[in-house]
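**Q** Next input, structure requested:
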Amino acid sequence: STEQSVRGIRHAEVRPDLIICDDIEDLGSVKTMDSRNKTFRWLMGEIIPAGDRDTQVVILGNLLHEDSLLMRLEELIAEKEIDGVVRRYPIIENGVPIWPGKFPDDAAITKERRKIGNPIDWNREYELKIIPEEGQIITYSDIHYYEEIPTPHEILHDSEADHEIRLERLCTGIDLAISQKEYADYTAMVSVQIMSFGSSALKYFILPHPINKRLDFATTIQQAEEISKRLGDGKHNTELFVEKVAYQQSAIEQMQSKGLPAKGVTVNGSDKRARLNIVAPLIKLGLIQFPKKGCEDLIAQIVGFGVERHDDLLDAFTLVIMQVMNKKPRGRASDIIVGTQGKSVWDMQF
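**A** I've put the predicted structure just below:
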């Protein structure tokens, strides 16, 4: 258990040659990002350093969440950030039981399945499949990623016609929480680059590294100004959509006084679940795409909505998408935003 001392970790000055961690996660411990981070830090900060240079570490368990400890380790190994080997042993592989001594045929598998009774538990415990929570609006399999944002003014060739790729808008959604107290919410700022591809539907590319911090009033205004100018390449201020709450109206007015195109948005009468349901089809269709790196916390809040402790990034995300979705292209990109010099914002320095 992560709450208890590790047995037999040292004998005098001798460190262990082998460390085995078996089922150190459960369905409760993987529900929130805070809990998942705690388990990961415990393993990396306390358990692995307890070994010696040649200590072998074995982590055993089931796949309980897309962001679970085992999935994080698998990703780190795949990206060659840590050394290791990944092995999966589902009860059936390519239609054949992998333990023929215990499960020699389909009848034996069926008998075991009937003992379990619950197909969700069977898929998770025996077939090593990650099963989403009931009522989950978006799953990790619904998320679409981009390698890089297409360059504006490129010509897209298809079987029907040549279409110019156009940069339509650059916008940022801001969910204000002006406080630096320990238990205050975070101020979140999520930016999106909207592109058109001829007569095709608009695509929304979420930019990496959204702001998600506890900020005071002055720092919030400064951060919003920096983002607006930076996305406009220092030549134009890009749009800011700010959730309009009575006591935070002064923040919007302060942004506007600095020449920023900040617009207060009222979300009364629309709860968080309803807003996520509205934008969910765009996510599932791949019209909203996320960078492969740099939006992990945002994606975790989208997928874990209703469970994750914080949802500030999710609020900023749905705020900006609902302001720009279903908008028609407003003409040639060069008439809308100048200053990217043929580059996507992905290529610009942040």
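
**Q** Ala224 and Val279, how far apart?
**A** Distance of Ala224 to Val279, given as CB to CB, to the nearest Å: 22 Å. Backbone N, C-alpha and C define where each C-beta goes, glycine included.

**Q** Ignore what I typed, I meant Glu46.
**A** Applying CB to CB to Glu46 and Val279 gives a distance of 40 Å.

**Q** One more: Met325?
**A** From Met325 to Val279 the distance is 7 Å (CB to CB).

**Q** what do you get for Ile120?
**A** Distance of Ile120 to Val279, computed by CB to CB: 27 Å.

**Q** Count residues in the vicinity of the nearest residue to His310 once chain neighbours are set aside, would you?
**A** Distances taken as CB to CB, 6 or more residues apart in numbering place Tyr186 nearest to His310, at 6.2 Å, with adjacent residues excluded. Counted with other CB atoms under 10 Å, residues neighbouring Tyr186 total 19.

**Q** try Glu133
**A** Counted with other CB under 10 Å, the neighbours of Glu133 add up to 14.

**Q** CA atoms only for the helix or strand hosting Thr110 - export them in PDB, please.
**A** Assigning secondary structure by DSSP states H and E places Thr110 in helix 106-116. Taking Å, rounded to 0.1, in the frame of the first residue of the first chain, the C-alpha atoms of helix 106-116 are listed here in PDB:
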ATOM      1  CA  ASP A 106     -13.600 -22.400 -25.100                       C
ATOM      2  CA  ALA A 107     -15.800 -24.300 -22.700                       C
ATOM      3  CA  ALA A 108     -13.300 -23.600 -19.900                       C
ATOM      4  CA  ILE A 109     -13.200 -19.900 -20.800                       C
ATOM      5  CA  THR A 110     -17.000 -19.800 -20.800                       C
ATOM      6  CA  LYS A 111     -17.200 -21.500 -17.400                       C
ATOM      7  CA  GLU A 112     -14.700 -18.900 -16.000                       C
ATOM      8  CA  ARG A 113     -16.600 -16.000 -17.500                       C
ATOM      9  CA  ARG A 114     -19.900 -17.300 -16.000                       C
ATOM     10  CA  LYS A 115     -18.200 -17.300 -12.600                       C
ATOM     11  CA  ILE A 116     -17.400 -13.600 -12.900                       C
END
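
**Q** What are the boundaries of the helices in the stretch 51-200 of the chain?
**A** Under the criterion DSSP state H, counting those that start in this stretch, the stretch 51-200 of the chain contains helices at 69-78, 106-116, 119-125.

**Q** hey, which strand is longest across this protein?
**A** Counting residues, the longest strand found in the chain (DSSP state E) is strand 162-175.

**Q** list the buried ones in that strand?
**A** Neighbour counts using 16 or more other CB atoms under 10 Å place His163, Ile165, Arg166, Leu167, Glu168, Arg169, Leu170, Cys171, Thr172, Gly173, Ile174, Asp175 of strand 162-175 among the buried residues.
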